[in-house]
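# Here is my input; please provide its structure:
(one chain, ligands or ions: 2)
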Amino acid sequence: MIVGILGCGSIANILINELKDDEDIKLKYFYDNDIEQSKKLAKIADGIATDNFELMVDKSDLIIEAASPRAVGLFIENTLKKGKSVVIMSVGYLMDVNNRKNLERIAKKNNAQIYLPSGAIVGLDGLKAASIGKIESVTLTTRKSPRSIGSNGKKEIIFDGKASEAVKIFPTNINVAAALSIASNMDINVKIIIDPEINRNIHEVHVKGEFGSFTSKTENVPSNINPKTSVLAAYSAVNLLKSLNKTIHI
Ligand SMILES: NC(=O)C1=CN([C@@H]2O[C@H](COP(=O)(O)OP(=O)(O)OC[C@H]3O[C@@H](n4cnc5c(N)ncnc54)[C@H](O)[C@@H]3O)[C@@H](O)[C@H]2O)C=CC1
Ligand SMILES: O=C([O-])CC(=O)C(=O)O
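Ligands and ions are numbered 1, 2, ... in the order given. Below you'll find the predicted structure:
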């Protein structure tokens, strides 16, 4: 499978590292609005940097978006129109139901798939299963260091509200809230706390419903290139790509 990458930052870096010896998945094309970034990663991966997104889509079997919610809006519709499947990391873009329905409609029409990796949290599988029954509440509490959230503040709650609002205020920081919302078909409750005493991106999820309840807590090591992003988010994309070729799906 020939893969093109939209967005050559921290997630793309980890993808290259983890997939360099993979026999089935070849990360070949690299696109970024910062051409130096795409050149840098193409060199490491022995791939091709391009400033022509359309050409990259034509030559790839699948596109991975690891850029920004804005990039999803700019590029993914055309990708799906060409019948190419996509992996979207900036899940926050899909929090808006019109955005989601639009991409879903185009994907269906063109026989393409939209894959959303589990990202920086654990428990989405349980939430999806639990959602077969009635769900009462889903709550996410995210703790990040000032460095990870891009501030130098003291310990404080910087957001307490709905996921739909959270993704607007912190578009590249709280995609996990969108993933939980899409999985449960709810606009979930989100709290974001800055904590200068931690050096992990911590996501705690509480779910209550007909099935009972569960709590998951993920204490993520941040990427050393972009501390907003957890290493697990990139690993989840690697796992998703590898799963496309598997026969046993767990
Ligand atoms: N689903 C999840 O759980 C997670 C999702 N993410 C999201 O994944 C995305 C990528 O994350 P990172 O690799 O850490 O980001 P990064 O900031 O390290 O790299 C992003 C790269 O994309 C490029 N880019 C941004 N907008 C672009 C555009 N419109 N056109 C072309 N290139 C563009 C930037 O120049 C940069 O090189 C972000 O939106 C982030 O919020 C990050 C962590 C977890
Ligand atoms: O990587 C993380 O810990 C979470 C994150 O940035 C996001 O959900 O956008």
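
# In contact with the most centrally placed residue in the chain: list those residues for me.
By Cα atoms, centre = their mean, the chain has its centre lying nearest to residue 89, at 2.4 Å. Contacts of residue 89 were listed using Cβ atoms under 8 Å, 6 or more residues apart in numbering, and they are 7, 11, 64-67, 117, 119, 175, 233, 237. For every residue, glycine as well, the C-beta is placed using N, CA and C.

# Could you do residue 212 as well?
Taking Cβ under 8 Å, 6+ apart, one finds nothing in contact with residue 212.

# re the thing from before, give me the phi and psi angles of the residue nearest to the centre of the chain.
With angles defined as degrees, to the nearest 10, residue 89 sits at phi -90, psi -30.

# Which residue ranges of this structure form strands?
2-6, 26-31, 48-49, 62-65, 85-88, 114-115, 135-144, 156-162, 189-194, 201-209, 212-220 (DSSP state E).

# mind giving me CSV with those and columns for distance to ligand 2 and mean pLDDT?
As requested, those are arranged in CSV below (distance: least, Cβ to the nearest ligand atom, whole Å; pLDDT from 0 to 100):
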stretch, distance to ligand 2, mean pLDDT
strand 2-6, 16, 98
strand 26-31, 20, 98
strand 48-49, 25, 98
strand 62-65, 13, 98
strand 85-88, 12, 98
strand 114-115, 16, 98
strand 135-144, 7, 98
strand 156-162, 13, 96
strand 189-194, 10, 97
strand 201-209, 3, 98
strand 212-220, 5, 98
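
# Now distance to residue 226 too, for these, in JSON lines please.
What follows is these, written out as JSON lines (distance: least, Cβ to Cβ, whole Å):
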{"stretch": "strand 2-6", "distance to residue 226": "15"}
{"stretch": "strand 26-31", "distance to residue 226": "17"}
{"stretch": "strand 48-49", "distance to residue 226": "20"}
{"stretch": "strand 62-65", "distance to residue 226": "15"}
{"stretch": "strand 85-88", "distance to residue 226": "17"}
{"stretch": "strand 114-115", "distance to residue 226": "22"}
{"stretch": "strand 135-144", "distance to residue 226": "12"}
{"stretch": "strand 156-162", "distance to residue 226": "19"}
{"stretch": "strand 189-194", "distance to residue 226": "17"}
{"stretch": "strand 201-209", "distance to residue 226": "11"}
{"stretch": "strand 212-220", "distance to residue 226": "12"}
